[in-house]
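Visitor: no sequence on this one, just coordinates:
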C-alpha cells in the first residue's frame, strides 16, 4: 500500500463545499416548487419543515467552511459600502416564502444609513440568525438597523421565549469555550462573533450582543460593526 499523507481536514472541507452547493440547489428547487403549487403547499407543515431544515443545514455548512478558513488563516473581510435598508431587504426576501408558509409576520425597521462591511460574510451571519429566529418565534420577526456610538448595529428580533441566561452574551466568543458534549455547540454564535471581529476601524472591533426584550419582547441578536 502506497504511503500517502492525506490532509483529512481538506478532504472534509471539500466534501462540505460540495454538500453546501447541492443543498443550495435543493433550496432553489423548493422555492420554485412552492411558487408552482402555491395553494397546495402554502400551509403544508411537511413542506415547511423540509424547507426550514434544508436552510438550517445549508447555513451550518456555510459556517463550517467559514470556521475552517478561519483556522487556515485565509478568511478575510472584503469591506465595501452598502445601503443598509436594501441589504436587509435582500436578506429577508430569501426567507419570505417560508415565513409566509408558517404564518410568521415580518418587518424591517432600518435607518436610511450606509454601512461598511463584507456583504458575503454578513449574509452568512444573518441567514443563520433569521433561520434560528424562525425556529423560536411565536408569530413575529423583525430586522433592525441603526447607528449608535459610531457603530452600525444590525438586529434580529422575535417574539419567542428569548435567550436563556447562559446564552446572553456581549463581546467575542472563544472557540475553546464551545461545548461539544452538550446538545448545542453555539457554532453559529462563534461564527457570527468571528465575522464581527474581522470588521475593525482603528482600535474599535466588531462584536455581537445577545439579550432579551426589544419591541417584540423575545430574543434580540445584534451585530455591532465599527
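Guide: Right, received. Where do you want to start? Note that this is a predicted model, so its numbers are computed, not measured.

Visitor: Helix, strand, or coil at residue 211?
Guide: Under DSSP: H, G, I helix; E, B strand; the rest coil, residue 211 falls in the strand class.

Visitor: Can you find the helix or strand of this structure with the lowest average pLDDT?
Guide: Considering only helices and strands, the least confidently modelled element of the chain by mean pLDDT, DSSP states H and E is strand 169-171, at a mean of 62.

Visitor: packing partners for the longest helix anywhere in the chain?
Guide: Looking only at the chain and at elements set by DSSP state H, the helix with the highest residue count is helix 8-36. Other elements packing on helix 8-36 under the criterion 3 or more CB pairs under 8 Å, 6 or more residues apart in numbering; DSSP states H and E are helix 45-71, helix 96-102. (Glycine included, C-beta is placed from N, CA and C.)

Visitor: need the next SSE after it, C-terminal direction.
Guide: Downstream of helix 8-36, the first helix or strand assigned by DSSP states H and E is helix 38-41.

Visitor: So for that next one, mean pLDDT?
Guide: Within the predicted structure, the mean pLDDT of helix 38-41 is 84.

Visitor: Show me what counts as buried in the longest helix of the chain.
Guide: Applying a neighbour-count criterion of 16 or more other CB atoms under 10 Å, one finds 13, 16, 19-20, 23, 26-27, 30, 34 buried in helix 8-36.

Visitor: what does stretch 129-145 give?
Guide: Neighbour-count burial for stretch 129-145 [16+ other CB under 10 Å]: 129-134, 137, 140-145.

Visitor: Same list, those residues, but as a markdown table with secondary structure please.
Guide: Putting the buried residues of stretch 129-145 into a markdown table (three-state DSSP) gives the following:
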| residue | secondary structure |
| --- | --- |
| 129 | helix |
| 130 | helix |
| 131 | helix |
| 132 | helix |
| 133 | helix |
| 134 | helix |
| 137 | coil |
| 140 | strand |
| 141 | strand |
| 142 | strand |
| 143 | strand |
| 144 | strand |
| 145 | strand |
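
Visitor: Using TSV, please lay out those together with pLDDT.
Guide: Conversion of the buried residues of stretch 129-145 to TSV gives the following (pLDDT from 0 to 100):
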residue	pLDDT
129	95
130	96
131	93
132	92
133	94
134	95
137	95
140	97
141	97
142	97
143	98
144	98
145	98
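
Visitor: Return the set of residues that bridge with residue 140.
Guide: Per DSSP bridges, the residues bridged to residue 140 are residue 105.

Visitor: what's the pLDDT at residue 173?
Guide: The predicted local distance difference test score for residue 173 is 55.

Visitor: For stretch 92-106, what is the distance to the chain centroid?
Guide: Between the mean C-alpha point of stretch 92-106 and the mean C-alpha point of its chain there is a distance of 15 Å (CA atoms, centre = their mean, to the nearest Å).

Visitor: The longest helix of the chain: how far from the chain's middle?
Guide: Taking the mean of its C-alpha atoms, helix 8-36 sits 16 Å from the chain's own mean (CA atoms, centre = their mean).

Visitor: got any ranges where the protein has weak pLDDT?
Guide: Counting by pLDDT under 70, the chain contains low-confidence ranges at 1-6, 169-185.

Visitor: Many thanks, we can stop here.
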